[in-house]
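A.B. asks: could you look at this predicted model? Sequence included:
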Amino acid sequence: MNYTIREFVESDAESVSEMLRESFEWFHKGDHESWLWKSFAPSNLINFSKTQDILVAVDDKGEIVGYISSTTTLYGVAYVPTVAVRNSLRRMGIGKLLLDEKIRRFREQGIRKMWLLVTHINTSAIEFYRKNDFVIEGYLRDHTGPGYDEVLLSRFL
């Protein structure tokens, strides 16, 4: 199957919401009152799209299978708050396609460095970023909740 990377549009919000909630089920555990579940509400995704640069990966049938968001600064550093791939399609190169496209766009914008946070128990994500030239710069203890440390990773472009 082929995948296309394109800009998020408001009509994507429902599908993206479902995919993000599925992708991060390991964190929110289906708790509809959790901050993460709420943050992935379609209305919030639409609001995020007004201040973040959001890309989605779409399959040949038009189904959204991946997501990456970012913000940039005037001093040339980008923050990537969310990267996700539909659970059933992980380890098929979709995350790499999203990351590579985001990096390409950052370089066009003159961004010199990017950073992100990964929950410490998400070892597959940490491994993915390390394979893509990210280095660990630090840890934020109990950052997203009690017992949830965040690993700060970054890479120069």
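C.D. replies: Cool, the structure landed. Since the structure is predicted, the reported quantities are computational estimates derived from the model, not experimental observations. Numbers count the residues shown, from 1 in each chain.
A.B. asks: what's the weakest-modelled helix or strand in this structure?
C.D. replies: helix 25-28 (a mean of 85; mean pLDDT, DSSP states H and E).
A.B. asks: other SSEs contacting that helix?
C.D. replies: helix 35-39 (3 or more C-beta pairs under 8 Å, 6 or more residues apart in numbering; DSSP states H and E). Every C-beta, even on glycine, is put in place using the N, C-alpha and C of the backbone.
A.B. asks: longest helix of this protein, counting residues only.
C.D. replies: helix 94-109 (DSSP state H).
A.B. asks: average model confidence for it?
C.D. replies: If you average the pLDDT over helix 94-109, you get 98.
A.B. asks: now K102, nearest residue through space, not along the chain?
C.D. replies: Using C-beta to C-beta, 6 or more residues apart in numbering and skipping residues adjacent in sequence, the residue nearest K102 is I68, 5.4 Å away.
A.B. asks: which element is that neighbour on?
C.D. replies: Using DSSP states H and E, I68 falls within strand 64-72.
A.B. asks: what helices and strands are in contact with that strand?
C.D. replies: The contact analysis (3+ C-beta pairs under 8 Å, 6+ apart) places strand 64-72 against helix 13-23, strand 53-59, strand 77-85, helix 94-109.
A.B. asks: put together CSV for the ones you listed, with distance to I136 and mean neighbour count on each row.
C.D. replies: Shown next, in CSV, are the helices and strands packed on strand 64-72 (distance: least, C-beta to C-beta, whole Å; neighbours: other C-beta atoms under 10 Å):
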stretch, distance to I136, mean neighbour count
helix 13-23, 22, 19
strand 53-59, 25, 20
strand 77-85, 15, 20
helix 94-109, 17, 17
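A.B. asks: can you say which of these is nearest to L152?
C.D. replies: With C-beta to C-beta, the closest approach to L152 among these belongs to strand 77-85: 10.5 Å.
A.B. asks: paired strands for the closest one, with orientation please.
C.D. replies: Looking at strand 77-85 with DSSP bridges, its partner strands are strand 64-72 (antiparallel), strand 113-119 (parallel).
A.B. asks: report all helices and strands that the next helix or strand after the last one contacts.
C.D. replies: If I follow you right, that is strand 113-119. Next along the chain after strand 113-119, taking DSSP H and E as the criterion, comes helix 123-131. Contact analysis of helix 123-131 by 3+ C-beta pairs under 8 Å, 6+ apart lists strand 113-119, strand 150-156 as its packing neighbours.
A.B. asks: okay, the angle between helix 123-131 and strand 113-119?
C.D. replies: 160 degrees (axes from the mean of the first three to the mean of the last three C-alpha atoms, to 10 degrees).
A.B. asks: sounds good, over and out.
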